[in-house]
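> what shape does this take:
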Amino acid sequence: MSDDGKQATMPASMNGAHPDAAMRSLPDNLAVKCPKCRELLLGKDWERNLKVCPKCGHHAQLTAQERIDLLIDEESDFEQIDRDLVSNDPLKFVSLSGTDRSKLDGLADSTGLKESVVVGSGIIDGLPVMLVIMDFRFLGGSMGAVVGEKITHAIEIATYERIPLLIATASGGARMQEGVIALMQMAKTSAALARMAEAGVPYIVLLTDPTTGGVTASFAMLGDVTIAEPGALVAFTGPRVIEQSMHIKLPKDVGYAEYLLAHGMIDGIVHRRALKATIARLLHLYDDAEKAMN
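Residues are numbered from 1 along each chain as shown. Alright, predicted model coming up:
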């Protein structure tokens, strides 16, 4: 009791409450620090701006669901296919951090995904499209046997139904835990895309940060139209690895979307706010051409 007979207010650390309890009650996204310019941003403003930094323009990674919500029409549904396909860990891979199976199970729990790619059909500006959306949160978006199968199946469905295919990439490359089995997916997906090209079905690629390794060396660079988000790392091997292994200094921006555009390797760089409109315009051009031919 205090001298005036009233009960004194005790500090949180003395009345049984943890001193960080107030902090823990705050929303997780109250503030976000831009990973590029380190600007401190209000979480709600950052999300309202589609996770693009208003100061430096850095495009942060989106989850597969966020990418789907960004692209498809609000009144339409995303009809997912091959939802239950999961890796059977063909090599029974074990590392110092544990088994591959336990790691995959842990990622499934934390991300709500069963693999690093989500596949399904949707509607963009009133036109049907087959969507393949990679999610970097799941083992770095790596491509193993299941990822290769899901992408190939999506290509085959799009070819059969004659609807455009859109793949949004986000990957560190082939999945090392599956060895040569993962590398074979490069040929598998590329062969399916070759058959799709012969059938005259359009294929659009959206390169997001990062897109590297075997994904870049296969389906990511085979699009009829290839666009990228600003600042996306798109390379087979990252610039830092090349510099460290070959002991040379690379030109500025090598391996990034802006460098690829300047050297004619992609068709355009599109801000996230303009992505849906740009893709919709492409789909309408293809749709008009298809109608004219028939």
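
> what's the spacing between Val234 and Leu91?
For Val234, the distance to Leu91 (Cβ to Cβ, to the nearest Å) stands at 28 Å. (Glycine included, C-beta is placed from N, CA and C.)

> swap in Ala199?
To Leu91, Ala199 is 35 Å away according to Cβ to Cβ.

> go on, Asp288?
According to Cβ to Cβ, Asp288 and Leu91 sit 48 Å apart.

> ok, now Asn49?
Plainly put, Asn49 is 42 Å away from Leu91 if you go by Cβ to Cβ.

> beta partners of Ser121?
Glu79, Met130 (DSSP bridges).

> hmm, it is touching Val132, no?
No - look at Ser121 against Val132 with Cβ atoms under 8 Å: they stay out of range, at 10.6 Å.

> higher neighbour count, Asp288 and Leu91?
Leu91 (13 against 10; other Cβ atoms under 10 Å).

> A strand includes that one, no?
No - membership of Leu91 in a strand is not supported by DSSP: H, G, I helix; E, B strand; the rest coil, which gives coil.

> can you count the residues close to Lys252?
For Lys252, using other Cβ under 10 Å, the count is 9.

> where's it relative to Tyr259, distance?
8 Å.

> next one: Glu198
32 Å.

> one more: Leu50?
Taking Cβ to Cβ, one finds Leu50 at 24 Å from Tyr259.

> likewise Phe236?
As judged by Cβ to Cβ, Phe236 and Tyr259 stand 14 Å apart.

> equivalent analysis for Ile248, please.
Distance, Ile248 to Tyr259, by Cβ to Cβ: 16 Å.

> show me the helices in the stretch 101-250 of the chain, by range?
145-161, 179-198, 213-216, 239-246 (DSSP state H, counting those that start in this stretch).

> neighbour count winner among Leu50 and Tyr259?
Tyr259 (18 against 15).

> SS state for the more buried one?
helix.

> shouldn't it be in contact with Asp253?
Yes - Tyr259 is within contact range of Asp253, at 4.3 Å (criterion: Cβ under 8 Å).

> please pull out the lowest mean pLDDT helix or strand from this structure.
helix 21-24 (a mean of 43; mean pLDDT, DSSP states H and E).

> what lines up beside the helix or strand that comes right after it in the sheet?
Downstream of helix 21-24, the next assigned helix or strand under DSSP states H and E is strand 31-33. Using DSSP bridges, the strands paired with strand 31-33 are strand 40-42 (antiparallel).

> ok now the partner strand, how far from the chain's centre?
Its chain's C-alpha centre and that of strand 40-42 lie 23 Å apart, by Cα atoms, centre = their mean, to the nearest Å.

> please enumerate the strands of this structure.
31-33, 40-42, 79-81, 94-95, 98-99, 117-124, 127-134, 165-171, 203-212, 225-228, 234-235, 268-269 (DSSP state E).

> same for the last one, what does it pack against?
In terms of contacts (3 or more Cβ pairs under 8 Å, 6 or more residues apart in numbering; DSSP states H and E), strand 268-269 is packed against strand 225-228, helix 257-262.
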